[in-house]
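S.K.: need a structure here:
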Amino acid sequence: MAGETERIVVSDDGLSLPVIEVLTGRGAIFGKSGSGKSNTASVVVEELLEMGFPMLIVDIEGEYATLTERYEVVHIGDGDGYDHPLFEVDPGQIVDFCLDQHRPVIIDISEVLEIERAERVITDTLQLLFSREKHENKPFLVLVEEVHEFLPQQGGLGDLGEMLIRIAKRGRKRGLGLLGMSQRPASVDKNFITQCDWLVFHRLTWENDTRVVKTILGKEYAEDVKDLATGSAYLLADWEETVREVRFRAKKTADAGNTPSLSTSERRDLTATGEADGSTGGAALESQEEATAPVVEEGSEDPALDTEIAEPEAAASGSDSVDPIEADPPPVLDESATEEDTKTAITEPQTASNPNQADSTPERIGSTDPATRDESDSDPTPDDPAVETLWELGQFVTFVLARAIGSLTYGVRVAYARLMGHSKPADRLGVLSVEDPASRSRPSRFALRIFGVLVLIIGLLIVFALFGL
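M.R.: Below you'll find the predicted structure:
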């Protein structure tokens, strides 16, 4: 069929990728931040959208929002500016957008605070998409940013991770492809990497990451991958005879993932320090006033400007119009004064030159007069040894309780995993719907014993509670 030979061009020198392999295969794009990884993924996405193929994008950082400026994309997220709210849209409606209306969908979780709830929505959507594709059998691609967040090499897989592995292993027969992206290939589950039909390696410098390149491509490429230019990458694909170095073209849409530049930041003069009279940033304020002062052409008359110029001249001439309070210098403390006198001199308010105003001046809170001191000053300070001891004891008790609760929780997870026939604990205690019931192993005797003991303990607690009442 002619359609099966369609290709997308991803570089200026004409390198192309087979569309059917990208849509239905398993791919991965790796590269450290700033190496061109996101640009490469965007080029692939743009080429597929130009040809009219929809897809589902799980966007972690909001880097694909600019696609809406050029293409008819359904943008779903939590916040303002989205086509549909993430936690109100039904997963079935998302799948309808993809398969029935043939529209690309972006699930943007860059502003989501409830990550676990968002993962539940994505998992349900992918599970329904996986089920629908068995009957639809339409080539369709799922792109997942920062795939190591859901497919970690260590720590076990959650529901979403299990669903992604299921698509990687069984999605091709249904026409469902998967493209994952990550900055750290060493942090990605090897069960996913080994299922990939095509791999792209941009610049990587960490030893653990280059070790993955060495295992897949060889020692020579593991050394050269450290020096790749931005946008350049090594491509390993089932349809290519050898490893190819590719320089991907720049994407057509705007880049929403650029690091903010210094030109957009607001600045002010932070070097000005207070003068001897206690003023702060006087020189900076003067320079700012000069910069913002209105420019008056020569020969023009500005009454306001004449008034401003006349006032400083009057102050400089020492006329009687100057306020005597402002003219007085700050008080100078005697070096021979005691510490108590110094504190009193600092905290007491400066009275005006008019003696009649002395009684009306409120007393400062910081006064050291014993008669006006608050009773709360007698409370122990944080430096009190007794308070420090209690603080350390509280920290220790909190640490012990946290460890105990963590150990108990892990024990329950292990028991539950053994009961359900899994080889390692599940991240959640909910039903793992991503597995086929037929593929689960039968519960072991150990798991049944644990389950029976838990049921017995709960029953005894209920009996004691009833008789206790």
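
S.K.: all helices of this structure, in order?
M.R.: Ranges of helices within the chain are 19-24, 37-50, 91-95, 115-136, 159-170, 190-193, 207-216, 219-224, 282-292, 303-316, 324-327, 339-347, 385-420, 445-468, based on DSSP state H.

S.K.: got the contact list for the fourth one?
M.R.: Helix 115-136 has contacts (C-beta atoms under 8 Å, 6 or more residues apart in numbering) with 56, 58, 78, 86-87, 89, 91-92, 94-95, 98-99, 107, 109, 112, 140, 142, 150, 158-160, 163-164, 166-167, 170-171, 174-176, 433-434. Quick note: C-beta positions are derived from backbone N, CA and C, even for glycine.

S.K.: which among these count as buried?
M.R.: The neighbour count (16 or more other C-beta atoms under 10 Å) marks 56, 58, 78, 86, 89, 91, 94-95, 98-99, 107, 109, 112, 140, 142, 150, 158-160, 163-164, 166-167, 171, 174-176, 434 as buried among those.

S.K.: ok so, going back, and the helices of the chain as CSV, adding mean pLDDT and distance to Thr242?
M.R.: As requested, these are exported to CSV (pLDDT from 0 to 100; distance: least, C-beta to C-beta, whole Å):
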stretch, mean pLDDT, distance to Thr242
helix 19-24, 96, 17
helix 37-50, 96, 19
helix 91-95, 96, 39
helix 115-136, 95, 33
helix 159-170, 95, 25
helix 190-193, 92, 20
helix 207-216, 95, 13
helix 219-224, 94, 11
helix 282-292, 49, 62
helix 303-316, 44, 77
helix 324-327, 42, 83
helix 339-347, 46, 79
helix 385-420, 76, 43
helix 445-468, 81, 50
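
S.K.: which one of these lies closest to Thr230?
M.R.: helix 37-50 (8.6 Å; C-beta to C-beta).

S.K.: mind listing what's buried along that closest one?
M.R.: Buried, per 16+ other C-beta under 10 Å, within helix 37-50: 37-49.

S.K.: now render those residues as TSV, adding distance to Tyr221.
M.R.: What follows is the buried residues of helix 37-50, written out as TSV (distance: C-beta to C-beta, whole Å):
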residue	distance to Tyr221
Lys37	17
Ser38	22
Asn39	21
Thr40	17
Ala41	21
Ser42	24
Val43	22
Val44	22
Val45	26
Glu46	28
Glu47	26
Leu48	27
Leu49	31
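
S.K.: for those, work out which two are farthest apart.
M.R.: Distance extremes for the buried residues of helix 37-50: the farthest pair is Lys37 and Leu49 at 18.9 Å, using C-beta to C-beta.

S.K.: any idea how far the nearest residue to Asp159 once chain neighbours are set aside is from Glu392?
M.R.: Leaving out its chain neighbours, the residue that sits closest to Asp159 by C-beta to C-beta, 6 or more residues apart in numbering is Thr123, at 4.8 Å. The gap separating Thr123 from Glu392 is 43 Å, by C-beta to C-beta, to the nearest Å.

S.K.: for the closest residue to Ser182 other than its chain neighbours, which residues are in contact?
M.R.: Leaving aside its sequence neighbours, Ser182 sits nearest to His148 (C-beta to C-beta, 6+ apart; 4.5 Å). Applying C-beta under 8 Å, 6+ apart to His148 gives the contacts Ser182, Gln183, Arg184, Ser187, Val188.

S.K.: what does Arg103 give?
M.R.: Pro54, Glu72, Val73, Val74, Phe97.

S.K.: re earlier: Thr123 and Glu392 - which one has more neighbours?
M.R.: In terms of neighbours (other C-beta atoms under 10 Å), Thr123 is the more surrounded of Thr123 and Glu392; the figures are 21 against 10.

S.K.: where does the nearest residue to Glu149 once chain neighbours are set aside land on pLDDT?
M.R.: Once flanking residues are discounted, Glu149 sits nearest to Ile60: 6.9 Å by C-beta to C-beta, 6+ apart. Predicted confidence (pLDDT) for Ile60: 93.
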